[in-house]
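S.K.: how does the following fold in three dimensions:
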Amino acid sequence: MRYLRIAAIFIFIVSVVVNIGATIADNQKRDSTMPELTSSIEMLELSVKSPQEDLFQGLTAQDAKDGDLTDRIMIASTSHMLENNTCKVKYVVFDSSHNSATLTRTVRYTDYEPPRFSLTEPLLYTTGANINYLDRVQVTDAIDGDISDKIKTKSGSFSNYQAGTYPILLEVSNSHGDRVQAELNIVVVDDLAEQPEIELSEYLVYLHTGDSFRASSYVRAAREADGSPISTSSVTASGSVDTETPGCYQVAYSVTSGGKKGQTYLTVIVTE
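M.R.: Prediction:
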């Protein structure tokens, strides 16, 4: 038994020594040097139409063991849109030992615009109609394209059984967190059957502060209920648009023929 104890102790000591030796050897082989990620551009300027690979312009990555890692650089995250159409882009690169380096720089989009609402037709309905107003509202973003499926109704209610004008507040955000709102009006009238029709070139337009506005320039055509034309000079417009003050405005158009009145509406959004 004594010899067995001595043998067991000897085997234990040998295993400890071997384990310590293996740990030391592993530590000596382990790559403890970090890769370096650098940029030759302090602020990168791009168009919203630039391809994804342009976001990597001016970046290089080097590692003492692996050498050039530039082709391994990835985008880790992108911030919300900040002032002057800029955002922060964080890059990361890993070497073969899973050591990493990060770098954050500013990217400015020279032709960026916030998301914009549009209407395929006016939000004009007759009493009793099924009002699915979001079917007529679209939003296009300079970077994300069509984001109509992200529209949210923030406030507003309406009755499809009582004529009137019902304001609703809509909101949408793009992938950069740029949030915009539009206050639109749902108009419910008693009857549109057999009424003259007014066609506009657009039903929602954007203007910058200081721009001129002429309501008649948006009238494309006017016609009787049977399709015969009516002179566009017979169409009148009411409602004021203050192009010096940002906000949402509504212009009402009307035309009367044969004792019947046709109407439609234009939404004007003035931005800074």
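
S.K.: spit out the contact partners of the residue at minimal distance from the centre of the chain.
M.R.: Note on the chain: the residue nearest the mean C-alpha position is Asn174, at 1.9 Å, using Cα atoms, centre = their mean. Residues near Asn174 by Cβ atoms under 8 Å, 6 or more residues apart in numbering: Met81, Pro114, Pro115, Asp141, Ile143, Asp144, Ile147, Lys150. For glycine as for every other residue, the C-beta is placed from the backbone atoms N, C-alpha and C.

S.K.: and the residues you listed, which of them are buried?
M.R.: Buried members of these, scored by 16 or more other Cβ atoms under 10 Å, are Met81, Pro114, Pro115, Asp141, Ile143, Asp144, Ile147.

S.K.: dump those to CSV, plus secondary structure and pLDDT.
M.R.: Formatted as CSV, the buried ones among the contacts of Asn174 follow (DSSP: H, G, I helix; E, B strand; the rest coil; pLDDT from 0 to 100):
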residue, secondary structure, pLDDT
Met81, coil, 91
Pro114, coil, 92
Pro115, coil, 95
Asp141, strand, 95
Ile143, coil, 90
Asp144, coil, 92
Ile147, coil, 97
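
S.K.: right, and Ser234 touches Glu224 too?
M.R.: No: Ser234 is not in contact with Glu224 according to Cβ atoms under 8 Å; the separation is 11.2 Å.

S.K.: who touches both of the two?
M.R.: Ser257.

S.K.: more neighbours: which of the two?
M.R.: More crowded of Ser234 and Glu224, by other Cβ atoms under 10 Å: Glu224, with 17 against 14.

S.K.: chain neighbours aside, what residue packs nearest to the more buried one?
M.R.: Pro196 (5.7 Å; Cβ to Cβ, 6 or more residues apart in numbering).

S.K.: pLDDT score assigned to the one you found?
M.R.: Pro196 is assigned a predicted lDDT (pLDDT) of 93.

S.K.: buried residues in stretch 173-185?
M.R.: Ser173, Asn174, His176, Asp178, Val180, Ala182, Glu183, Leu184, Asn185.

S.K.: got a list of what the residue nearest to the first one when sequence neighbours are not counted touches?
M.R.: With Cβ to Cβ, 6+ apart as the criterion, Ser173 has its nearest non-adjacent residue at 4.5 Å, and that residue is Arg179. Arg179 is in contact with Glu171, Val172, Ser173, counting by Cβ under 8 Å, 6+ apart.

S.K.: again, but for Asp54
M.R.: Asp54 touches Leu46, counting by Cβ under 8 Å, 6+ apart.

S.K.: rerun at 10 Å
M.R.: Leu44, Leu46, Ser47, Val107 (Cβ atoms under 10 Å, 6 or more residues apart in numbering).

S.K.: closest to Asp95 out of those residues?
M.R.: Comparing the contacts of Asp54 against Asp95 with Cβ to Cβ places Leu44 closest, at 24.3 Å.

S.K.: burial count for Ala85?
M.R.: Small correction: residue 85 is Asn, not Ala. For Asn85, using other Cβ under 10 Å, the count is 19.

S.K.: quick one: which helix or strand includes Cys87?
M.R.: Cys87 belongs to strand 86-94 when assigned by DSSP states H and E.

S.K.: what packs against that strand?
M.R.: strand 36-39, strand 43-46, strand 59-63, strand 74-78, strand 100-109 (3 or more Cβ pairs under 10 Å, 6 or more residues apart in numbering; DSSP states H and E).

S.K.: related to what we said a few turns ago, what sits closest to the residue nearest to the centre of the chain if chain neighbours are left out?
M.R.: Asp141 (4.4 Å).

S.K.: is it correct that that neighbour is in contact with His176?
M.R.: Yes: between Asp141 and His176 there is a contact at 8.8 Å, judged by Cβ atoms under 10 Å.

S.K.: give the residues shared as contacts by the two.
M.R.: Joint contacts of Asp141 and His176 (Cβ under 10 Å, 6+ apart) are Tyr112, Pro114, Pro115.

S.K.: these into TSV, with extra columns for distance to Ser40?
M.R.: As requested, the shared contacts of Asp141 and His176 are exported to TSV (distance: Cβ to Cβ, whole Å):
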residue	distance to Ser40
Tyr112	23
Pro114	30
Pro115	33
